[in-house]
Structure formats: structure tokens, C-alpha cells
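Novice: Here's a sequence, model it:
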Amino acid sequence: MRKNKIIRSVCYFSDTLDIDILKRIEGITTRLEAHDYAIQTKRICSKDPSIAAIRSVFIDPSLYLSVGTLDRETARNQFNDFIHTDNVAFNLNLSNGVVPKDSDLLFNIIKSQPSKTFSFTYTFNNSPSSPYFPSATYQKNGFSIGLQPTDLSMGCNSLDEWFQIMKSVWDEIFELFCDNSSFLGIDSSIAPLFTGKSSLIHFVKRIQNSFSHSVTTDLYIQISNFIKQNNPKPIGLCGIMLPCLEDFELAREYEAGDFSIERNVYLSLHCGLGIDTYPVGVNEPARKIYEILRLLQGLSQRFHKPLSARFVSDGMAKIGEKTNLKNSHLKDVIVNPL
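Specialist: Numbering: from 1, shown residues only. The predicted structure is shown next:
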């Protein structure tokens, strides 16, 4: 029995709000658990853009729900529904067209219900059917699976050791569901969390001595190439996630000044997925957010790759002050200017 087989997300995508989806998810998770996988979250992403509708059907607060990708008008019309639901996420597509100069949606969330910044992201050339929220978006019915593969690095002394373990786990999941017509695939993204064996930066520092040193090596390109080329049934994003405040050891790098927004964008450009759980002060000029979103839009178009931008705030902390996010998944930090 291999340890540390963590499923971050089992996500079912559906074009109808059918309560029977819960039975299908239960069947999937039961089979995984029978093969020693630990399930962190069960998720549903709907084609129906109505936040009120999905919340009225799936009332279990432990479920993670999403209405996928919305346009600005649909998002505005449902703003109140969004800020008054704890477990519904969505993303705003900025792949093309004019980027809003005032970043009004983000700053309205910060003013009205800052905890909901965790459930919202901007997306650019988003890949469908990823089980990771809030980037998940519907394309067709079925389910996808995303792991927390950082845990599989425990005890590994090299990238190759970690790679072989990851591949064996992907192959096992593929064999479990390859005959299931609803199985969309595995999102092999590196999705770190917290500290120790679950942190990507923890493993990076073990094999590279320091995070700063790793940035100017080909380490992240090696990881990115492997997870794209060796996944038996890829779906979704399949990239390296660098969640600033979810990976607690990356949060420490941020506070030390070693994970600036420029470094984040640089890493996103050649292997990562974008800006994720990056803290923003309530007094940060809206123009700075606008400039970053414009940059990500341009980079995404030029390099034909998915990118995203999820900024988080507690609604109180200014630049130079410590956050009080009240979210067990996020590490509180002193906010730096973007």
C-alpha cells in the first residue's frame, strides 16, 4: 500500500442540476478509497450559470460548487447571490476584449464579502474540465480527478523518484476508470498545500537548497514537461500551481520578498498557471490590478497557454499590515505592494 495518495478534488461536470450526481460521485470516491486514496473534496461544476439554482439543489455545505465561467454582465447580475453563499465559485473570462480598468468586480467583492475572493479568479484561455476551483469550467458531462501530488514526494531525494511515483499513481487511477464513459481524465497539475510534505517549496528546498536558486534553473520546466507528457489521460490545466498563501512555505518566501508579483509572472510564463491566492492590500491602486490583468491577457494570447489571477484580501489589511483572512487554507502575511 502506497501512502500519501491524496485526491484534492473529484469533480462532476453536468448540464443539468440533477441530485443523482451525488450518487455518481459517491461511487467514484468509494472506489478510490478502496484503493487507499484519501478524498479531500467532492465538487460539482454546472453548465447552468445560476448561483441560486445550484445552491438550491445541492444544499450539503461540504460540497464545493461552481457555475464555471461567467461573463461580466452575468457575474454582476448575480453578485448578491455570490457573496451570500459560502461554497460557490466562478471565474471571469478575460481571454479577449477589453480588460476593465477599475477591476470593479474584484474590489466590490473585497468591500462586500472579502472571504469570497478565495472563490473567484480571472481566467485567460482557460482549459475546460479541470477539477480545481475556481478555474473549473464546464465543457461536457463527466468527471475529472485532481490530486495533491506534492505528498507523493515524501522520502524522495530527486525529481526522478517523485516522477516515477506520480506516474504509477496516474496509471492506477486510469486503470480504475478507463472503462467508465463518464471519466474525462486526470488533471495532473501540481497542487500544493500547507507545509511539509504537502508543500512544493518544501520539496524544492530539499533538492535545490533554496527557492530563489531554483527559479533560475530548469527545475520547473522539467516538472511541467513531465506532468504534461506522462499523464495517461490528461484533462484540464495540467500545470504547476504556485498558490502564494495556500503553500505556507511559499507564503514565507513572499514575506521575505522572494516571491514578488514579477517572479510569480515569470514562473507562470514558462511553466505555471498564473497568480494564485496572491494577497492584495485594500489600498492597492486599481490601476495596478488592471496592468497585471492586461499583461496576463497578452502573455496568454502570445504563448497560447492558460493563465489565471486570483487575488485575496481580508477587506482590512493595507500594504504593510498583516492579514486576518480567517481561512484555514490560507497563511496570514504582511501585505507587500504589487
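
Novice: burial of the residue lying closest to Ser50 once chain neighbours are set aside, as a residue count?
Specialist: With Cβ to Cβ, 6 or more residues apart in numbering as the criterion, Ser50 has its nearest non-adjacent residue at 6.9 Å, and that residue is Val67. Every residue, glycine included, has its C-beta placed from N, CA and C. Residues within reach of Val67, counting by other Cβ atoms under 10 Å, total 30.

Novice: Show me where this structure has its strands.
Specialist: In order along the chain, the chain carries the following strands (DSSP state E): 6-14, 38-39, 42-46, 64-70, 88-93, 120-124, 142-147, 183-187, 274-279, 307-312.

Novice: Next one: the closest residue to Phe79 other than its chain neighbours from Arg8, what distance?
Specialist: Closest residue to Phe79 in three dimensions, ignoring its sequence neighbours and counting by Cβ to Cβ, 6+ apart: Asn108, at 6.8 Å. Here the distance between Asn108 and Arg8 works out to 29 Å (Cβ to Cβ, to the nearest Å).

Novice: And the two? Which one has more around it.
Specialist: Neighbours were counted for Asn108 and for Arg8 using other Cβ under 10 Å; Arg8 has more, 24 against 14.

Novice: distance of that one from Lys140?
Specialist: With distances taken as Cβ to Cβ, Arg8 is found 22 Å from Lys140.

Novice: who are the neighbours in contact with Ser268?
Specialist: Leu242, Gly274, Ile275, Leu296, Leu299, Leu307 (Cβ atoms under 8 Å, 6 or more residues apart in numbering).

Novice: again, 6 Å this time
Specialist: When contacts are counted by Cβ atoms under 6 Å, 6 or more residues apart in numbering, Ser268 touches Gly274.

Novice: Mean pLDDT and distance to Phe133 for the strands of the chain - can I get that in TSV?
Specialist: Below are the strands of the chain laid out as TSV (pLDDT from 0 to 100; distance: least, Cβ to Cβ, whole Å):
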stretch	mean pLDDT	distance to Phe133
strand 6-14	98	8
strand 38-39	98	15
strand 42-46	98	7
strand 64-70	98	5
strand 88-93	97	4
strand 120-124	97	9
strand 142-147	98	10
strand 183-187	98	12
strand 274-279	98	11
strand 307-312	98	10
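
Novice: Can you lay out those strands as CSV showing distance to Ser135?
Specialist: As requested, the strands of the chain are exported to CSV (distance: least, Cβ to Cβ, whole Å):
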stretch, distance to Ser135
strand 6-14, 11
strand 38-39, 20
strand 42-46, 10
strand 64-70, 9
strand 88-93, 6
strand 120-124, 6
strand 142-147, 11
strand 183-187, 10
strand 274-279, 9
strand 307-312, 5
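
Novice: So for Gln208, which of these sits nearest?
Specialist: Evaluated with Cβ to Cβ, these place strand 274-279 nearest to Gln208, the distance being 21.0 Å.

Novice: Check which helices and strands the closest one is in contact with.
Specialist: Packing contacts for strand 274-279, counted by 3 or more Cβ pairs under 6 Å, 6 or more residues apart in numbering; DSSP states H and E, involve strand 307-312.

Novice: The strand it packs on to strand 120-124, inter-axis angle?
Specialist: Between strand 307-312 and strand 120-124, the angle comes out at 160 degrees (axes from the mean of the first three to the mean of the last three Cα atoms, to 10 degrees).

Novice: Could you export strand 307-312 as PDB, CA atoms only?
Specialist: Output in PDB follows, covering the C-alpha atoms of strand 307-312 (Å, rounded to 0.1, in the frame of the first residue of the first chain):
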ATOM      1  CA  LEU A 307      -3.300  31.700 -17.100                       C
ATOM      2  CA  SER A 308      -5.300  33.000 -14.200                       C
ATOM      3  CA  ALA A 309      -5.300  35.600 -11.500                       C
ATOM      4  CA  ARG A 310      -6.800  35.000  -8.100                       C
ATOM      5  CA  PHE A 311      -6.100  37.800  -5.600                       C
ATOM      6  CA  VAL A 312      -7.200  37.500  -2.000                       C
END
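
Novice: If anything else comes up later, I'll come back, but that's it for now.
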